[in-house]
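> dropping a prediction and its sequence here:
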Amino acid sequence: MQGARLVLNDIEESLAREAADAIRTSKGVCIPMAGDASDREFIQAMVDTAVSEFGTIDIAVANAGITLFGDFFEYQPEDFNRVMQVNLAGSFFLAQRAAQQMKNQGTGGSILFMSSVTGHQAHKNLSAYGMSKFAVRALAEALHDEVASEGVAVTLLSPGFVVSDIGRVDNQGQRHEDDASRAPAWIRMPTDEAARQIVAAIETRRREAIITTHGRVGVFLYRHAPWLVQAAVRASRRRSKRSETGGTAS
């Protein structure tokens, strides 16, 4: 992975340029491209840029994703469609175009899908997001065998809580100082450590990697003792209510 040359995307041009500048400062090569990662024409433009500038595509990271919180009974169609368009269509069509390029090259490559621990276990007010991440898992499973004959490896990443800005962006795309996820600081994995684990998963062509210890424990328990996870979630909600009210909550 050392020496990789990058095409980097963010929907906000300033953030794409800021990240690219940080990579260049570390002597890396990076082309920032601002645009909607769920748009098929833009996806093709990113692929074309990578090929024209670097010759081949060796690794594609389907990392586009948004989280729109909402009660199931009140969730709006426009929010549902946006989550599916970005999290599912964006991942599907980036993988499709990148895999086609890898096939044409005859050199194979690696495709990385970003799912989530929420793609393994349910969370309140995240039914649409969880649905999209379960589907990304299914997509990765389907492609393992489908593209293997072309020398393309598929890795599924399922992070738990990692230090990032995702909890600071609301349903309207506005950024805030406060983190809406309310995950305690001690449980969040530092970004650098998460990145190291992700790189290791790509280099070893792992089928799936669950990032963070609490994520691995949570997924294991949800598979084998879901009642225990549900009890822990209920207890956590009660503690949260008590801390908010300053009293007791039943």
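That came through, no problem.
> need the contact list for the residue nearest the centre of the chain.
With distances taken as Cα atoms, centre = their mean, Met114 lies nearest the centre of the chain, 3.5 Å away. Listed by Cβ atoms under 8 Å, 6 or more residues apart in numbering, the contact set of Met114 reads 61-63, 65, 91, 136, 157, 159. Where you see a C-beta, it was placed from the backbone N, CA and C, and this is true even at glycine.
> any stretches of the chain with poor pLDDT?
Applying pLDDT under 70 to the chain flags the ranges 1, 165-176, 179-184, 186, 233, 236-237, 239-250.
> the strand ranked longest in it pairs with which strands, parallel or anti?
Counting by DSSP state E, the longest strand found in the chain is strand 152-159. Using DSSP bridges, strand 152-159 pairs in its sheet with strand 109-114 (parallel), strand 208-211 (parallel).
> now tabulate the ones you listed in a markdown table and tack on distance to Ala50.
Output for the strands paired with strand 152-159, formatted as a markdown table (distance: least, Cβ to Cβ, whole Å):
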| stretch | distance to Ala50 |
| --- | --- |
| strand 109-114 | 11 |
| strand 208-211 | 24 |
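> deepest of these, which one?
When the strands paired with strand 152-159 are scored by mean count of other Cβ atoms under 10 Å, the highest mean neighbour count falls to strand 109-114 (a mean of 22).
> elements contacting the helix or strand following that one?
Downstream of strand 109-114, the next assigned helix or strand under DSSP states H and E is helix 127-146. Applying 3 or more Cβ pairs under 8 Å, 6 or more residues apart in numbering; DSSP states H and E, we find helix 127-146 packed against helix 77-84, helix 91-105, strand 109-114, strand 152-159.
> chain center to stretch 211-226: distance?
18 Å (Cα atoms, centre = their mean, to the nearest Å).
> pull out the buried positions in stretch 20-37.
Going by neighbour count (16 or more other Cβ atoms under 10 Å), the buried part of stretch 20-37 is 20, 23, 30-33, 35, 37.
> end-to-end on that stretch?
Across stretch 20-37, the terminal residues are separated by 17 Å (Cα to Cα, to the nearest Å).
> distance between that stretch and the chain's centre?
Stretch 20-37 sits 18 Å away from the centroid of its parent chain (Cα atoms, centre = their mean).
> who touches that stretch?
Residues from elsewhere that reach stretch 20-37 (Cβ under 8 Å, 6+ apart): 4-13, 16-17, 19, 42-43, 45-46, 49-50, 53, 64, 86, 90, 94.
> could you redo the last one with a cut-off of 6 Å?
Contacts with stretch 20-37, where a contact means Cβ atoms under 6 Å, 6 or more residues apart in numbering, come from 5-9, 11, 13, 16-17, 42, 46, 64, 90.
> helices - which of those land there?
Counting by DSSP state H, the contacts of stretch 20-37 place 13, 16-17, 42, 46 in helices.
> widest-spaced pair of these?
Arg17 and Phe42 (16.7 Å; Cβ to Cβ).
> ok, the two, which is more surrounded?
Phe42 (19 against 15; other Cβ atoms under 10 Å).
> and the nearest residue to the more buried one once chain neighbours are set aside, how far is that from Leu221?
Excluding its sequence neighbours, the residue lying closest to Phe42 (Cβ to Cβ, 6 or more residues apart in numbering) is Gly35, at 4.2 Å. As judged by Cβ to Cβ, to the nearest Å, Gly35 and Leu221 stand 39 Å apart.
> cool, and Arg82?
From Arg82 across to Leu221, the span is 32 Å (Cβ to Cβ).
> what about stretch 114-132, start to end distance?
11 Å.
> try stretch 59-66
One end of stretch 59-66 sits 22 Å from the other (Cα to Cα).
> buried ones in it?
Buried-residue list, stretch 59-66, by 16+ other Cβ under 10 Å: 59-62, 64-66.
> also stretch 133-147?
133-137, 139-140, 143, 147.
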